[in-house]
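Asker: Generate coordinates for the sequence data below:
(3 chains)
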Amino acid sequence: MPVLFGFAAIIAVIATALALTRLNAVHALLYLIPSLLAVAVAIYALGAPYLAALEVIIYAGAIMVLFIFVTMMLNLGDAALRQERAWQPGRGWIGPGILAGLLLACFLWILIAAPPLAAAHHLGPAAVASRLLSTYIVGVELASMLLMGAVVAAYHLGFGLQRKQSKGAGRGQA
Amino acid sequence: MSLLWLIPALPFASSFVLLVAGRALGKRAAAWLACLAILASFLFSLVVSLRLFSLPAGAAFTQVVWHWINVAGFQPRVALYLDALAAVMILVVTFVSFLIHVYSTQFMLDSEGYERFFAYMNLFVASMLTLVLADNLLLLLLGWEGVGLCSYLLIGFWYQDEANGLAGRKAFIVTRVGDTAFILGLLLLFNRLGTLDIQPLLQRAAARWHPGAAVAEVAAFLLLGGAVGKSAQFPLQTWLPDAMAGPTPTSALIHAATMVTAGVYLIARTHVLFALAPAALMAVAVVGLVTLLLAGCSALAQHDIKRILAYSTISQIGYMFLALGVGAWSAAIFHLVTHAFFKALLFLAAGVMIQAMHEEHDIFRMGGLRRRLPLAFWCFVFAGASLAGLPLLTAGFYSKDLIVWSSWSSPLGSVGLWIGALIGAFLTALYIFRLIFTVFYGPGPERHLSHLPGPLEQWPMIVLGYLSMLAGFIYVPGALPFHFTARAVGPGELGSEIVAGAVFFAGVYVIYLFTLQRPSLTDALMAGASPRRLRDFWFADWGMDWLYDRALVRPTIRMARAGKADVADRAFTGIAAAAQALNRALAPTESGLARRYAGWIAAGAFALILIAVLR
Amino acid sequence: MPFWGLILAAVLFILGVAGLVARRNLLIMLVSIEVMLNAAGLAFIAAASAWAQPDGQVMFLFILAVAAAEVAVGLALVLQLHHLTESVDADAASRMKG
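Answerer: Down below sits the predicted model:
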């Protein structure tokens, strides 16, 4: 288990770092997917198989797919690539890099100075479900309402766009 | 007698109605209401005065309206006191006010704020009546302040023009200096005598203080300070010429007949106290003499018709003060009455002329109005003659010459005062006839006259004209069936009257010579540099405005400006400046770039974590 | 091992922060946000594993729901901005400056 965890951790970090430094948006997304899968393996190694599955299904399977759909829809093309080259942070990584370094140092200090943690406990779906649907039932309802709200908002935001697009197309505008 | 309270109450009530609902009432109703209130006041005054005079001399009547304050032994009441002095005053005030109100109904017709004007005028009359009828000095102070307020409101009546507001402010501030002295005097009197009710106060003062006592002198000087301010005497006379910025009926009522005489009334009312303070009394006489000479000279150099009349008022009140200062109390009041008549008439006639000449005030731009405005001409002649003291025919002669004679004959008088008064009479004849000859004779501008006076303006002037002639006979023995006092005229007085008459004719002849007969003399006189400098000096009221400006006004303004930026102010403006500087420093952070905001959030989160960790 | 889970979560989180501040492409920024959310969820799971309480896993579920909702709306907004400015430049939408 620890070995699995270590392996998955290394892959996750490398993949994420690569994802965030790509010029092409699609490449970035594609690099993110193995990152998420690696995180899923790490979660499994920590004794949460149910959530590892959910990570793959929802995060990598739905959210990332949505991302890819929208990126494809935007159809950014070569011009965008050239723009990305122009936007390349280069020296722009220094500031965020320092910030990230400081933040990491902070986290590490907290974690190291804290009392040692126990070993991993395995908590299966049953344990999660029993807790989820009893104590946190209200949260479940709220989450579902949130998702409905998101669907409505996305619909309205997209619908106006469709109208604008069709109107623009009708007038011969791009 | 129980009608006494109605005399001030009716004008107060009508003023209140006009202030609140004047616009709704409209011009006609407002004019009727205002005039009827004053007329009612006059009729009630007549009734109570006749009742009073039917009683033996020296009678008085007090009516307590309500108990005002009751604090630790200080118990002024709102009470009205009527004796012969008060009766004369209320009769004069209500009668002249009534005539001026009737005149104003037509005169002010074109002005905006018609109803507001009558509200203020009625409020003024009510305050003046309160002042005159007051039983105690605190109520008198209330009336005193009320007339000051109304004077300010009416001087700055046409407030859209800033100059009028400034003139009103000047009047208020200068009289305030006097009012401060007055209030200090009241405090001193209450502290030493324990009451402000006038009659008990005077009795206690006479009982406790010997003549010349220091406290009596100080109190009398302080009261004199108040009188000097309100009556525009030297050195507080600078406000009255500027107060001519107000409407002419206001100048006629307030600044000729009534408010400026409040100082004379105050001294006459408290004359027992002044009798205990010989130094103060001499100061009264000196102030009067100095003022009448100063103002006479200043009037001679003016060319604005209303300013000439304003200086004339200052000068005539100087005569009243002179009379008070030599102990001739009733002579002062007599002159107050006759002066009210002819000075009001002079102002009303001047108003008619100003309106007819399209708001022209400069006498050198008027001329030859004798045939075009005959009523104004004859009014000016009668009133001017009364002012200058045309012998035997005019009221002014009798009252002024009584003062001139008293300034020598009275135990406190002297030859110097007598000569000074005669010089003043000479100057009076000079300036008033200079005005008459310049305006009514000689060539005039070929201008079409705008407003000719209507009946409501003419009749009050005619009535006042008759009174300017006849009012003097009340005091002359044997002239009328009833007289106030029976008086015998001794040889000394006769001699003084002859000299005064000669002075009058000399003055009229001199000015006739210089103005009409041989104007080249005037040009020759004015060709030199020193006569011109003297004239400019007198034009500027002996430099008093300049002096006050340099000595008092400018330092005060400088101090106020310095005080605006002093340490305490800097502390507050410093806070504001610091906030603005902080804003300017932080504004660039609001760049609108979402990434930067995210970076700042991360940095902030880092800082918080650091703080939490390090604790 | 949960300790190392937390370390992993910290590293992924700061990577996400750096990416969010440094990159200008809106899509990559949204990806960074997802990375951060993921890292936070991983921290919860590590905690749940350490304390043997499923509450942490429940929190991760909620985070998942929130991330999904946020992505949906965020991408719709990106589409709107793209329609408005013909690019996915985050700095293009800076009219609220000053």
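
Asker: quick one: stretch A:17-25 to chain centroid distance?
Answerer: Mean-position distance between stretch A:17-25 and its chain equals 14 Å (CA atoms, centre = their mean, to the nearest Å).

Asker: mind listing what's buried in it?
Answerer: A:A17, A:L18, A:A19, A:L20, A:T21, A:R22, A:L23, A:A25 (16 or more other CB atoms under 10 Å in any protein chain shown). Every residue, glycine included, has its C-beta placed from N, CA and C.

Asker: Pull up the gap between the first one and chain C, please.
Answerer: It stands for A:A17. 6 Å (CB to the nearest CB, to the nearest Å).

Asker: helix/strand/coil for the most centrally placed residue in chain A?
Answerer: Most central in chain A under CA atoms, centre = their mean is A:Y59, positioned 6.6 Å from the mean C-alpha point. Following DSSP: H, G, I helix; E, B strand; the rest coil, A:Y59 is assigned to helix.

Asker: okay, the residue lying closest to it once chain neighbours are set aside: pLDDT?
Answerer: Closest residue to A:Y59 in three dimensions, ignoring its sequence neighbours and counting by CB to CB, 6 or more residues apart in numbering or on different chains: A:L36, at 5.3 Å. A:L36 carries a pLDDT score of 95 in this model.

Asker: List the buried residues of the longest helix seen in chain C.
Answerer: The longest helix of chain C (DSSP state H) is helix C:55-85. Using 16+ other CB under 10 Å as the test for burial, helix C:55-85 gives C:55-79, C:81-82.

Asker: And stretch B:351-358, by the same measure?
Answerer: Those buried within stretch B:351-358 under the rule 16+ other CB under 10 Å are B:G351, B:V352, B:M353, B:I354, B:Q355, B:A356, B:M357.

Asker: one step back: what packs against the longest helix of chain C?
Answerer: Under the contact definition 3 or more CB pairs under 8 Å, 6 or more residues apart in numbering or on different chains; DSSP states H and E, helix C:55-85 sits against helix A:49-54, helix A:64-74, helix A:125-132, helix A:137-170, helix C:26-51.

Asker: for the ones you listed, which one ends up most surrounded?
Answerer: helix C:26-51 (a mean of 24; mean count of other CB atoms under 10 Å in any protein chain shown).

Asker: So for residue 78, what's the pLDDT?
Answerer: I went with chain A, as the question did not name one. 69.

Asker: let's do chain C instead
Answerer: 89.

Asker: ok, now how distant is the closest residue to it other than its chain neighbours from C:L37?
Answerer: The shortest distance from C:V78 to any residue other than its chain neighbours is 5.2 Å, reached at C:L26 (CB to CB, 6+ apart). Between C:L26 and C:L37 the distance is 17 Å, computed by CB to CB, to the nearest Å.

Asker: Give me the distance from stretch A:126-133 to the chain's centre.
Answerer: 24 Å.

Asker: Enumerate every residue touching A:H122.
Answerer: Neighbouring residues of A:H122 by CB atoms under 8 Å, 6 or more residues apart in numbering or on different chains: A:G47, A:P49.

Asker: That should have said C:G41, apologies.
Answerer: C:G41 touches C:M59, C:F60, C:I63, C:L64, counting by CB under 8 Å, 6+ apart.

Asker: how about 10 Å then?
Answerer: Listed by CB atoms under 10 Å, 6 or more residues apart in numbering or on different chains, the contact set of C:G41 reads A:39, A:43, A:51, A:54-55, A:59, C:9, C:56-57, C:59-64, C:66-67.

Asker: Let me know the distance separating the residue in the stretch 351-500 of chain B that chain C sits nearest to from chain A.
Answerer: Nearest to chain C, among the residues of the stretch 351-500 of chain B, is B:E359, at 56.0 Å (CB to the nearest CB). Computed as CB to the nearest CB, the B:E359 to chain A distance reads 70 Å.

Asker: domain ranges for chain A?
Answerer: A:2-135, A:136-174 (automatic domain parsing).

Asker: what's the straight distance from one end of the longest one to the other?
Answerer: Its first and final residues considered, domain A:2-135 spans 32 Å by CA to CA, to the nearest Å.

Asker: any low-confidence regions in the chain?
Answerer: Using chain A here. Applying pLDDT under 70 to chain A picks out residues A:78-80, A:84, A:87, A:89, A:161-174.

Asker: nope, chain C
Answerer: If you take pLDDT under 70 as the line, chain C has these spans: C:98.

Asker: I figured B:S409 hits B:A323, correct?
Answerer: No. B:S409 is beyond contact range of B:A323, at 11.7 Å (criterion: CB atoms under 10 Å).

Asker: Neighbour count for the two, which is higher?
Answerer: B:A323 (34 against 16; other CB atoms under 10 Å in any protein chain shown).

Asker: Can you verify the more buried one is assigned to a strand?
Answerer: No. B:A323: not assigned to a strand; according to three-state DSSP it is helix.

Asker: so who does it touch?
Answerer: B:264, B:267-268, B:284-285, B:288, B:329-336, B:399-400, B:402-404, B:406-407, B:410, B:413, B:421.

Asker: now do B:P249
Answerer: B:97, B:99-105, B:107-108, B:117, B:121, B:154, B:344, B:347-348, B:351, B:457, B:460.

Asker: and what of B:H335?
Answerer: Counting by CB under 10 Å, 6+ apart, B:H335 has contacts B:261, B:264, B:316-317, B:319-320, B:322-323, B:328, B:395-396, B:398-403.

Asker: do B:I100 as well
Answerer: B:35, B:38, B:107, B:121, B:125, B:248-254, B:256-258, B:344, B:347-348, B:351, B:460, B:464.

Asker: out of those, which are inside helices?
Answerer: Those of the contacts of B:I100 lying in helices (DSSP H): B:35, B:38, B:107, B:121, B:125, B:248-252, B:344, B:347-348, B:351, B:460, B:464.

Asker: Quick one: buried ones out of those residues?
Answerer: Here, 16+ other CB under 10 Å leaves B:35, B:38, B:107, B:121, B:125, B:248-252, B:344, B:347-348, B:351, B:460, B:464 buried among the ones in helices among the contacts of B:I100.

Asker: re earlier: tilt between the longest helix of chain C and helix A:137-170?
Answerer: 10 degrees (axes from the mean of the first three to the mean of the last three CA atoms, to 10 degrees).

Asker: Quick one: work out the angle between helix C:55-85 and helix A:125-132.
Answerer: 80 degrees.

Asker: tell me the angle of helix C:55-85 relative to helix A:64-74?
Answerer: Going by the same axes, to 10 degrees, helix C:55-85 makes 0 degrees with helix A:64-74.

Asker: hang on, the residue nearest to the centre of chain A packs against A:L37?
Answerer: Yes. If you go by CB under 10 Å, A:Y59 and A:L37 touch, sitting 9.4 Å apart.

Asker: count of neighbours near B:M108?
Answerer: 22.

Asker: typed the wrong thing, it's B:A598
Answerer: Neighbours of B:A598 (other CB under 10 Å): 18.

Asker: Same question for B:L253.
Answerer: Around B:L253 there are 30 other residues, counting by other CB under 10 Å.

Asker: what about the nearest residue to it once chain neighbours are set aside, distance to chain C?
Answerer: Nearest non-adjacent residue to B:L253, counting by CB to CB, 6+ apart: B:I100, 4.7 Å away. Computed as CB to the nearest CB, the B:I100 to chain C distance reads 65 Å.

Asker: And the pLDDT at B:I100?
Answerer: B:I100 is given a pLDDT of 94.

Asker: name the element it belongs to?
Answerer: helix B:84-107 (DSSP states H and E).
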